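Visitor: I'll drop the sequence and a predicted model, then ask my questions.
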Amino acid sequence: MMRLPSFRLLSPRSMDDVTVALADDPASTRLVAGGTDLLPNMKRRHQSAKTLVSLRRVEALRGIQGDGSSEVRIGAGTTLAEICRSDVVKSAYPGLHEAVSSIASPLLRNMGTLGGNLCLDTRCSYYNQTEEWREAIGYCMKECGDVCWVAPGSSRCWATSSTDAAPLLVALGARVKLDSVRGSRVIPLEDLYADDGIAYLTKERDEILTEVLLPSSDKTKTTYLKLRRRGSIDFPVLGVGVALVQDDAGGVEDVSILLGAVRSQPTRAKAAEDRLRGGALDDDAIAEAAQLARKPAAPLENTDFLARWRGAMVEKFVARALTSLRGR
């Protein structure tokens, strides 16, 4: 049986108390909302903390405000299940509903939060094993070793981003609010991520993600497709989030295509976007954009399925996503 290590647990009710607790010793303190990722990682000794700060009693972190006609605010502590049930999300941001509904299982969505999924630890088939397994082959650089077993000659960690919500939200142009004892700041969600399997978040250690801000959904069509071995539970081995705006004639005014689980951050298919903007969304354009979307995706042998096959699926899934939006 895997057991949690010893730690001190704080359960504040206000955001002020949360930021103060986090600022006291940010290197040894972790925030826990649903705990669906952090606690299993602590049991396997992937992550550690002297202090856990529970966010479950902080009501200010929960709720959905707005109707989609203008900016919508979602508290980072809002559970995934609450987002799945939201009529605003279903009607104004169907792609977000598809993404969140694909996460884990109903029981885990009852516990997991949007903020937790956006800050999800990166994953790798060499890292996400038992401690005995990792010790036997030699710890990798994401832990306390000095080598990446995916690419032993590399100077960086290649663990992959496994959040389902981020690709779709980045495609939408969402922003996030970060709070600390030093104040608040709002940044594009895309800027929260770095292409590094270890330092995959750009926020400071004493900052907490408190809100997700979604732009008006007017004229924007969205979808999210996910590749995984099973129809539930599994993390993505590929996620495709697309946001599309068309003119009255069906031409592409704007489009964002984000790929998940192919690198250490949600990855933008910029060449594919450029190919589509200002033109017709016909079969030829979709096929060419799908081919271009495969280029920034460089899957490695660090998760389920063969990397070459996962790369081929990028093209298939992007084409499928664009075709589905054209028909909506």
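Guide: Noted; the coordinates are in hand.
Visitor: Between the two ends of stretch 177-184, what distance do you get?
Guide: Length of stretch 177-184, first residue to last, C-alpha to C-alpha, to the nearest Å: 7 Å.
Visitor: Mind listing what's buried along that stretch?
Guide: Lys177, Leu178, Asp179, Ser180 (16 or more other C-beta atoms under 10 Å). From N, CA and C alone the C-beta is placed, and that goes for glycine too.
Visitor: Can you give me the buried ones in stretch 252-270?
Guide: 252, 254-269.
Visitor: ok, back up a step: farthest pair within the buried residues of stretch 177-184?
Guide: Spatially, the most separated pair among the buried residues of stretch 177-184 is Lys177 and Ser180, at 11.0 Å (C-beta to C-beta).
Visitor: Show me the domain layout of this structure.
Guide: 1-60, 62-119+160-326 (automatic domain parsing).
Visitor: and these as CSV, adding mean pLDDT and distance to Ser125?
Guide: Listed next are these as CSV, based on pLDDT from 0 to 100; distance: least, C-beta to C-beta, whole Å:
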stretch, mean pLDDT, distance to Ser125
domain 1-60, 95, 13
domain 62-119+160-326, 97, 6
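Visitor: So for Ala136, which of these sits nearest?
Guide: Smallest distance to Ala136 across the domains of the chain (C-beta to C-beta): 13.9 Å, for domain 1-60.
Visitor: Quote the end-to-end distance of that closest one.
Guide: Terminal-residue distance, domain 1-60 (C-alpha to C-alpha): 36 Å.
Visitor: ok now that domain, how far from the chain's centre?
Guide: Put simply, domain 1-60 sits 20 Å off its chain's centre (C-alpha atoms, centre = their mean, to the nearest Å).
Visitor: go on, stretch 204-211?
Guide: Worked out by C-alpha atoms, centre = their mean, stretch 204-211 lies 15 Å from the chain centre.
Visitor: Just the buried residues of that stretch, please?
Guide: Neighbour count says stretch 204-211 has Asp206, Glu207, Ile208, Leu209, Thr210, Glu211 buried, by 16+ other C-beta under 10 Å.
Visitor: cool, and stretch 186-196?
Guide: Residues of stretch 186-196 classed as buried: Leu189, Glu190, Leu192, Tyr193, Asp196 (neighbour count, 16+ other C-beta under 10 Å).
Visitor: Please apply the same query to stretch 83-90.
Guide: Ile83, Cys84, Ser86, Val88, Val89.
Visitor: and Cys140, which of the domains of the chain is closest to it?
Guide: Among the domains of the chain, the nearest to Cys140 by C-beta to C-beta is domain 62-119+160-326 (9.3 Å).
Visitor: Need the distance between the two termini of the closest one.
Guide: Span of domain 62-119+160-326 from end to end, C-alpha to C-alpha: 34 Å.
Visitor: and if you look at stretch 11-27?
Guide: Across stretch 11-27, the terminal residues are separated by 19 Å (C-alpha to C-alpha).
Visitor: mind listing the strands for this protein?
Guide: In order along the chain, the chain carries the following strands (DSSP state E): 8-10, 29-32, 51-54, 64-65, 72-75, 175-180, 183-188, 208-214, 220-227, 238-246, 252-260, 267-268.
Visitor: export the ones you listed to CSV and tack on distance to Thr323?
Guide: Shown next, in CSV, are the strands of the chain (distance: least, C-beta to C-beta, whole Å):
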stretch, distance to Thr323
strand 8-10, 49
strand 29-32, 40
strand 51-54, 44
strand 64-65, 30
strand 72-75, 27
strand 175-180, 29
strand 183-188, 28
strand 208-214, 25
strand 220-227, 10
strand 238-246, 10
strand 252-260, 13
strand 267-268, 20
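Visitor: Of all those, which one is nearest Ala151?
Guide: Distance to Ala151, taken as C-beta to C-beta, is lowest for strand 267-268 among the strands of the chain, at 17.1 Å.
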